[in-house]
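1. quick one, structure for this:
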Amino acid sequence: MHREIQDGLEDFLAGTADPNGQIRFETHLRECAECRQEVESMREMAELFTSLRSPDPPVPSPSFYARVNKLIEEQRPAPFWGAVLEPFFGRRLALASLLVMATLGTILVSRETEEYAVGLSPEMVLSAERDAPAVDAGPAIDRDQMLFTLASHRQ
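-> As a prediction, the model looks like this:
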């Protein structure tokens, strides 16, 4: 088969070729017996395929789409949070989180009580010299403020 026939064969058989291409194609077919025979066999095959086509397209069963959706869902990769929300793993994760929080809370409370364990009594604050450094364990407290607090306190 010649090149120009091969290039325009589908358009010619479908009837969608442009007028100039159609005229060239028919002219070549009149002159070339080999191409004419090849095009004729292609037409017969196209008609055969057309005759085999069902007049009514097949309709899938009602459960077909449900099965397809189910297969698609099964093929999806499991999300990361799916493993975390699984009951067995989720319980372990919650227990581990609670233990970490309890440990951190215990450390925080014990550090704070150690830091402020050596409390300053009002007598210690008032008896301290003005220029002397405050006791190491607690924050520096102003003597005048302590005196005011003690004087204004009522039982």
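
2. can you spell out which helices and strands pack onto the longest helix anywhere in the chain?
-> Among the elements of the chain assigned as helix by DSSP state H, the one spanning the most residues is helix 87-115. The contact analysis (3 or more Cβ pairs under 8 Å, 6 or more residues apart in numbering; DSSP states H and E) places helix 87-115 against helix 80-84. Heads up, the C-betas are built off the backbone N, CA and C, glycines and all.

3. the most centrally placed residue in the chain and residue 92, how far apart?
-> In the chain, the centroid-proximal residue (Cα atoms, centre = their mean) is residue 79; its distance is 8.1 Å. Taking Cβ to Cβ, to the nearest Å as the measure, residue 79 and residue 92 are separated by 19 Å.

4. which parts of this structure are helices?
-> Counting by DSSP H, the helices of the chain are 3-14, 19-31, 33-52, 64-75, 80-84, 87-115, 122-127, 143-152.

5. can you redo those helices as CSV with mean pLDDT?
-> Formatted as CSV, the helices of the chain follow (pLDDT from 0 to 100):
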stretch, mean pLDDT
helix 3-14, 75
helix 19-31, 82
helix 33-52, 85
helix 64-75, 89
helix 80-84, 65
helix 87-115, 82
helix 122-127, 61
helix 143-152, 72
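
6. quick one, which of those gets closest to residue 58.
-> helix 64-75 (10.5 Å; Cβ to Cβ).

7. buried ones in the closest one, by neighbour count?
-> The neighbour-count check on helix 64-75 (16 or more other Cβ atoms under 10 Å) flags nothing as buried.

8. please compute how far it lies from its chain's middle.
-> Taking Cα atoms, centre = their mean, to the nearest Å, one finds helix 64-75 lying 21 Å from the centre of the chain it belongs to.

9. and if you look at stretch 44-63?
-> 42 Å.

10. let's have the chain start at 16 instead
-> Sure, I'll start numbering at 16, so the last one becomes stretch 59-78.

11. can I get it as PDB, trimmed to CA atoms?
-> Taking Å, rounded to 0.1, in the frame of the first residue of the first chain, the C-alpha atoms of stretch 59-78 are listed here in PDB:
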ATOM      1  CA  GLU A  59     -15.500  -5.300   4.300                       C
ATOM      2  CA  MET A  60     -13.800  -5.700   7.600                       C
ATOM      3  CA  ALA A  61     -15.200  -2.400   8.900                       C
ATOM      4  CA  GLU A  62     -18.700  -3.500   7.800                       C
ATOM      5  CA  LEU A  63     -18.200  -6.900   9.500                       C
ATOM      6  CA  PHE A  64     -17.300  -5.200  12.800                       C
ATOM      7  CA  THR A  65     -20.300  -2.900  12.500                       C
ATOM      8  CA  SER A  66     -22.600  -5.900  11.900                       C
ATOM      9  CA  LEU A  67     -21.200  -7.600  15.000                       C
ATOM     10  CA  ARG A  68     -22.000  -4.600  17.300                       C
ATOM     11  CA  SER A  69     -24.900  -5.200  19.600                       C
ATOM     12  CA  PRO A  70     -27.900  -2.900  19.000                       C
ATOM     13  CA  ASP A  71     -28.400  -2.500  22.800                       C
ATOM     14  CA  PRO A  72     -25.300  -1.900  24.900                       C
ATOM     15  CA  PRO A  73     -24.900  -4.400  27.800                       C
ATOM     16  CA  VAL A  74     -26.200  -3.200  31.200                       C
ATOM     17  CA  PRO A  75     -24.100  -4.200  34.200                       C
ATOM     18  CA  SER A  76     -25.800  -6.000  37.100                       C
ATOM     19  CA  PRO A  77     -27.000  -3.800  40.000                       C
ATOM     20  CA  SER A  78     -24.200  -5.000  42.300                       C
END
